[in-house]
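# Build me a model from this:
(2 chains)
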Amino acid sequence: MPGTLTLGPPSLERKPSDMSRIRRNAVVGLALVAALALTSCTSGSDTGTTPDADATVTVGLVLEPTDLDIRRTSGAALEQVLIDNVYEGLVSRTATGEIVDTLASSHEVSEDGLTYTFTLNDGITFHSGNAATVDDVVWSLTGVKDDESLVDHGNFANVASIAAEGDDTVVITLTAPDSNFLWNLTGRGGLVFEEADDTDLSTGANGTGPFTLGEWRQGASISLDRFDDYWGDAAQVSEVVFEYIPDGTAGVNAIVAGDIDVLTPVDATLRSQVDAVDELSITEGKTTDKYTLAFNNQRAPLDDVRVREALRLAIDHEAVIAAIGGAGIEQGGPIPELDPGFEDLTDVRPFDPDRARELLAEAGQSDLDLTLTIPNVYSTTVSNILISQFADVGVTLTVDSVEFTVWLEDVYTNKDYDLSFVDHLEARDFGNWANPDYYFGYDNAEVQSLFQESIAATDPDEADALLAEAARIVAEDHAGDVVYNATALTAVADGITGFPTDSPNARLDLGELAVG
Amino acid sequence: MTTPAPAPRDSSGNPSTQQQPDSTRADPPRTDSTRHASTRHASTRPGTAGPDNPRAGFARPRAHRPRWFVAFLRHPSALFGTAVVLLLLLSAGLSFIWTPYDPQRANPYDQWLSPSFTHLLGTDNIGRDIFSVLLVGARVTVGVALGSAVVAAIVGIALAALGALTARWVREGVAVLVDVLIAFPTLLIAMMLASAFGGSLLVVVLAVGFSFGVNIGRVSRPELRRVRRADFVLAGRAAGRGPVRNLTTHLLPNVAPVFIVQLSWAMAVAILAEAGLSYLGYGAPSGTPSWGRMLAELQSYIGIHPWSVLWPGLAITLTVLAFNLLGDAIRDVTDPRLTRAPVVTA
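Next up is the predicted model:
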């Protein structure tokens, strides 16, 4: 694969030599968030009352970033809080995964898919007070292209040049079409920083967003203050405080007691505690959190498609979702509903234990012992159900609950596992199935070529169709099983509107947040 | 806490009682109907009680068993402890033959059922029968308790013997080492081992066994030191018995009461530690039913389904209490010099 990892966490891409550290960080972030997040929120509609412009909103989150350097530190926790609020890029993604202009007032992609032209908005100001210019944009993007230590560097492998044209236009040319390039610009790689700035990004921030970084009390909270010179529509609250509450029960207790105004995610099994409070409402949002039971496709007996299919047929996905409190939807293929290329593929793996037993017998594996490696940050609910349901078809499942670092070492890096269960929360990460070196070990030439064609496609619809075709092959090959696609539950106190509902563990764009 | 009240020579000075200094002191309780009022008696009796039973040995207390046993039976703590421990053993044993449901059988559509005749204690978050899981979980509890006791006994005997019977510099070195080791809390040792080798029941057994073994060694050392100068030991040596032989025939039987009491407490600590470590994810592997795991898995629902978490909590509490009380009772019955149990904690 030619250097770009389009789908997937940018830093999870495939250059083994230099990227391992970043990759690892990215995975850690994603998996931890994944483990803890079943979230969602809702945007309330305007109640008609005048918003309180001096209000402070306290938001309860689970996972705290380890460092604020958004250019160098991977992890969803950092993006969730800082992108769109403190830092902005030329383009951004909405909660439902669409691409919208942000600092750019418009963008244009040439017919051949090689030239991207962005026109900048007027009056963009950094938090330092200086105006943002095209030179800052070019400097920021060129940095990602040239500096291997920056997150998302790999996404810029196809970039030939980044140049300013006039005062308000930036032109990016690629060496080959990349249907994911614009999406990648909505991530870390596309953020705009001030060239002449010397802020220590590890503890401070200087972006162009509607909020400035207030105070980071490590281990406790991060606060954002409204930036009054924001170039666009000013934020409607004066301060947002993110309180980090790692324990799901403690989080629910905090919002029930009124200590925080918003909680995301809410542990679905505890939602009745929130429902019991009249002043709180719970919203459900879609996510791209794919709680994935990975099969080691390289290792016997899981290299036998009959065994893989049997395992999938043995799982009663509906029951699993019931057990986790209903906060999930079934997903039959590798692509979730929010991502391009989605197609309902649940019919390829109906719950059919009888057929599963037959398949295992055909494969000569009627009495099978498998080990499931699972990071211990995940609740035991799913693994306990898998033990029970696999036992039903004659598969003895041993659960090996390990530290996340051990999972990274054994499963992710060394691929020494039978089955693994983690949450893949990144949007558009289908590329993992087209990468035979990924820990899934799924090597299918047809999927790989379809994926490459999809990347090279200049027509978005065509790109989506190719992805869907590849996804169907992966699903019918039973290369892995998405046990469920999580639904995000967010509890919001009455009077608070504009909190994002979908994908809240990936991005929390608080530009619309208001207290009415 | 077990420093003997009488000076060492007291028990060895009289050849007629040389074989059983401890069992002679164990005599008063059989004449006392109420152990708790016996402090004064205990301190005044040994001299008179000794001659009562010149032939009795603690290791072979044939002649005494009935009376010793009666005292034990009259001890309410002993009865309670014995009953609960028997129930525990019975549950663990029963679980191999029969449980109402398969303890691993999940049925998410039946989650959180209330206690009823179909599910005696209700069902948990994925629809497993709590009673069945509790029964099977008793196996882990019993296994950890016994395993820890064995490890603790081995470590304890080794340390006590090294600390009491060897050359002076070894002896003092071991004593200092024991003092250092005793400073490490059981849970800390277990967590260290678990993070180094991965959590498992073996780690729990080794950690608890080791740290309580150190305790036992410390407590038994002065006892050994006391009896090693006894005439009967000297006589044994004169008769050509080697140190190991002497240890097994004379010394260990004489410190046995202390040992048994300590082991009983060690089991209580082991059960508590297993529950705690499993709760933290360092103990029983997931998929192995254990009371600590049940607590861990159910605790987050305590606000919504408080009943579910009650059962494993109750089981742990009762079992630990039973072992503690049993230890106290044995100590009371066998060693009249102590009438108040020291508090045992993990």
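
# List the backbone torsions phi and psi for B:R171.
As for B:R171, its main-chain torsions (degrees, to the nearest 10) stand at phi -60, psi -50.

# give me the element the closest residue to it other than its chain neighbours is part of.
Spatial nearest neighbour of B:R171, excluding adjacent residues (Cβ to Cβ, 6 or more residues apart in numbering or on different chains): B:G163 at 5.6 Å. All C-beta spots, glycine's among them, are computed from the backbone N, C-alpha and C. B:G163 is located in helix B:130-165, with elements delineated by DSSP states H and E.

# by contact count, what packs against that helix?
For helix B:130-165, the contact count by 3 or more Cβ pairs under 8 Å, 6 or more residues apart in numbering or on different chains; DSSP states H and E identifies helix B:76-97, helix B:168-181, helix B:201-228, helix B:252-280, helix B:291-298, helix B:306-334 as packing neighbours.

# can those helices go into JSON lines with extra columns for distance to A:D225?
Rendered in JSON lines, the data for the helices and strands packed on helix B:130-165 read as follows (distance: least, Cβ to Cβ, whole Å):
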{"stretch": "helix B:76-97", "distance to A:D225": "59"}
{"stretch": "helix B:168-181", "distance to A:D225": "53"}
{"stretch": "helix B:201-228", "distance to A:D225": "49"}
{"stretch": "helix B:252-280", "distance to A:D225": "39"}
{"stretch": "helix B:291-298", "distance to A:D225": "40"}
{"stretch": "helix B:306-334", "distance to A:D225": "42"}
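
# Against chain A, how distant is the residue most central in space within chain B?
Computing the C-alpha centroid of chain B and ranking residues by Cα atoms, centre = their mean puts B:S264 first, at 1.7 Å. Relative to chain A, B:S264 is positioned 32 Å away (criterion: Cβ to the nearest Cβ, to the nearest Å).

# which residues does that residue contact?
Under the criterion of Cβ atoms under 8 Å, 6 or more residues apart in numbering or on different chains, the contact list for B:S264 reads B:F323, B:N324, B:L326, B:G327, B:I330.

# For the second one, give its distance to chain A.
Distance, B:N324 to chain A, using Cβ to the nearest Cβ: 30 Å.

# what about the stretch 1-150 of chain B, any weak spots by pLDDT?
Screening the stretch 1-150 of chain B residue by residue with the criterion pLDDT under 70, one finds the ranges B:1-68.

# 90 - rerun?
For the stretch 1-150 of chain B, residues meeting the criterion pLDDT under 90 lie at B:1-78, B:99, B:102-120, B:122, B:124-127.

# Near chain A, which residues of it are found?
Proximity of the stretch 1-150 of chain B to chain A is assessed by Cβ under 8 Å from any Cβ of the partner chain, with B:D102, B:Q104, B:R105, B:A106, B:N107, B:P108, B:Y109, B:Q111, B:N125, B:I126, B:G127, B:R128 identified as the residues in range.

# Tell me if the second one really is in a strand.
No - applying DSSP: H, G, I helix; E, B strand; the rest coil, one finds B:Q104 to be coil, outside a strand.

# and it, how many neighbours?
Neighbour count of B:Q104, defined by other Cβ atoms under 10 Å in any protein chain shown: 19.

# do the same with the third one
Other residues lying near B:R105 total 19 when counted by other Cβ under 10 Å.

# Quick one: residues contacting it.
Residues counted as contacts of B:R105 (Cβ under 8 Å, 6+ apart) are A:S388, A:A391, B:R128, B:D129.

# which among those residues end up buried?
Neighbour-count burial within the contacts of B:R105 applies to A:S388, A:A391, B:R128, B:D129; the criterion is 16 or more other Cβ atoms under 10 Å in any protein chain shown.

# And the strands in the stretch 1-150 of chain A, which stretches?
Ranges of strands within the stretch 1-150 of chain A are A:56-61, A:91-93, A:99-101, A:104-109, A:115-120, based on DSSP state E, counting those that start in this stretch.

# got those as a markdown table, with mean neighbour count columns?
Formatted as a markdown table, the entries for these read as follows, by neighbours: other Cβ atoms under 10 Å in any protein chain shown:
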| stretch | mean neighbour count |
| --- | --- |
| strand A:56-61 | 24 |
| strand A:91-93 | 22 |
| strand A:99-101 | 14 |
| strand A:104-109 | 16 |
| strand A:115-120 | 20 |
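
# looking at those, which is closest to A:A514?
Set against A:A514 and scored by Cβ to Cβ, the strands of the stretch 1-150 of chain A come closest in strand A:56-61, at 8.8 Å.

# hmm, that closest one touching chain B?
No - Strand A:56-61 lies out of reach of chain B by Cβ under 8 Å from any Cβ, never closer than 15.7 Å.

# ok, that strand: who's next to it in the sheet?
For strand A:56-61, the paired strands and their directions (DSSP bridges) are strand A:239-244 (parallel), strand A:262-263 (parallel).

# Quick check: the gap between A:A95 and chain B.
With the distance defined as Cβ to the nearest Cβ, A:A95 ends up 28 Å from chain B.

# That residue reaches A:T501, doesn't it?
Yes - assessed by Cβ atoms under 8 Å, A:A95 is found in contact with A:T501 at 6.4 Å.
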